[in-house]
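A.B. asks: Model the following, please.
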Amino acid sequence: MRRPFFAVLGGMGSLATESYVRLVNEGMHATCDQDYLDYVVFNDAGVPDRTAFITGQSDDDPFPVIADDIAKATAIGASFIVLTCNTAHYFYDHFQSLTPVPILHMPRGAIARISLLYPASTHPRLGFLGTVGSRASGVYRQAAEEAGYTFVEPDDALQERITSLIYDDVKGDRGPDLNRYRSVLDDMLDPAGECRADVLVLGCTELSVLNERFPMPRLAIVDAQAVLVEDTIERAKALRTS
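C.D. replies: Numbers count the residues shown, from 1 in each chain. Okay, the predicted model is just below:
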């Protein structure tokens, strides 16, 4: 009898998908092949840019491409689906309506974890780092405000630096740089700055790549992809024993 497996909808971008899969494997602390989880990865690098479409800069709609991957994951019998792109959660409700297979919701999972680690009562200002598309989609704002946080977005100049980290340092060929990354975090957490954030959420998987490369456990940062990895492992393990 085949063991339960899940489907990963990735390729948006591929380095972030690779990071997610590697962390899932490492999180199993396996001692033999059979200890690892069973999954199928759709590394669909041809998915059109989500931010460009959401912000009206492109008419190239990513929805049909991802919807096709969802249909394929459903057809092959996946027990649940993981959508590794934060920005693509703009379409989440429509995606979920296409399939009876549960799709994990990365932004909601991240905010739920922040509520446990950094409650709104003690860390009221939640700063968001992500793409312009994710900001425009409102998926993190809605989840954060429902949890009682004041949702803090960077100003235009700081957003440009975040966008550069995503598209130049990780998606592009400039390469990760600790100083560029740390300066953005410091500016958002600066109590005398514009944002004055008490806690940060990394709401883009390219930023998760930077977080993995340059971990800063002393800062109040929650990485949405890291939470997704833990949630994936928990759900997959539960399926094995059910």
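A.B. asks: any idea how far Val222 lies from Tyr149?
C.D. replies: Remark: distance between Val222 and Tyr149 (C-beta to C-beta, to the nearest Å) = 12 Å. For the C-beta atoms, the positions are set from N, CA and C on the backbone; glycine is no exception.
A.B. asks: In a helix, Glu145, correct?
C.D. replies: Yes. Using DSSP: H, G, I helix; E, B strand; the rest coil, the secondary structure at Glu145 is a helix.
A.B. asks: so what's it closest to, chain neighbours aside?
C.D. replies: Leaving aside its sequence neighbours, Glu145 sits nearest to Phe151 (C-beta to C-beta, 6 or more residues apart in numbering; 5.7 Å).
A.B. asks: Asn211 too?
C.D. replies: In space, and not counting its chain neighbours, Asn211 is closest to Asp223: 4.7 Å by C-beta to C-beta, 6+ apart.
A.B. asks: Arg180 - how many residues pack around it?
C.D. replies: For Arg180, the count of nearby residues is 15 (other C-beta atoms under 10 Å).
A.B. asks: So which residues lie in contact with the host helix or strand of Phe128, not counting its own?
C.D. replies: Applying DSSP states H and E as the criterion places Phe128 in strand 125-129. With contacts defined as C-beta atoms under 8 Å, 6 or more residues apart in numbering, strand 125-129 is touched by 111, 114, 120, 134-135, 140-141, 144, 149-154, 162, 184, 188-189, 195-204, 207.
A.B. asks: and the residue nearest to Asn211, what is it in contact with?
C.D. replies: Applying C-beta under 8 Å, 6+ apart, the residues near Asp223 are Ala110, Val201, Leu202, Leu207, Ser208, Asn211.
A.B. asks: Which helix or strand in the chain has the lowest average pLDDT?
C.D. replies: Ranked by mean pLDDT, DSSP states H and E, the weakest helix or strand in the chain is helix 132-137, scoring a mean of 89.
A.B. asks: any idea how far it is from the chain center?
C.D. replies: Relative to the mean C-alpha coordinate of its chain, helix 132-137 is positioned 13 Å out (C-alpha atoms, centre = their mean, to the nearest Å).
A.B. asks: if we look at the longest helix along the chain, which residues are touching it?
C.D. replies: Taking DSSP state H as the criterion, the chain has its longest helix at helix 224-241. For helix 224-241, contacts defined as C-beta under 8 Å, 6+ apart pick out 3-4, 6, 16, 19-20, 23-24, 27-28, 37-39, 79-80, 82, 84, 86, 104, 106-107, 109-110, 113, 201-203, 205, 208, 211.
A.B. asks: Can you select the buried ones among those residues for me in ChimeraX?
C.D. replies: Command for ChimeraX that selects the buried part of the contacts of helix 224-241, burial taken from 16 or more other C-beta atoms under 10 Å:
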select :4,6,16,19,20,23,24,37,39,79,80,82,84,86,104,106,107,109,110,113,201,202,203,205,208,211
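A.B. asks: C-terminal to the helix or strand that Gln142 is a member of, which secondary structure element comes first?
C.D. replies: According to DSSP H and E, Gln142 maps onto helix 139-146. The first helix or strand that comes after helix 139-146 along the chain, using DSSP H and E, is strand 150-152.
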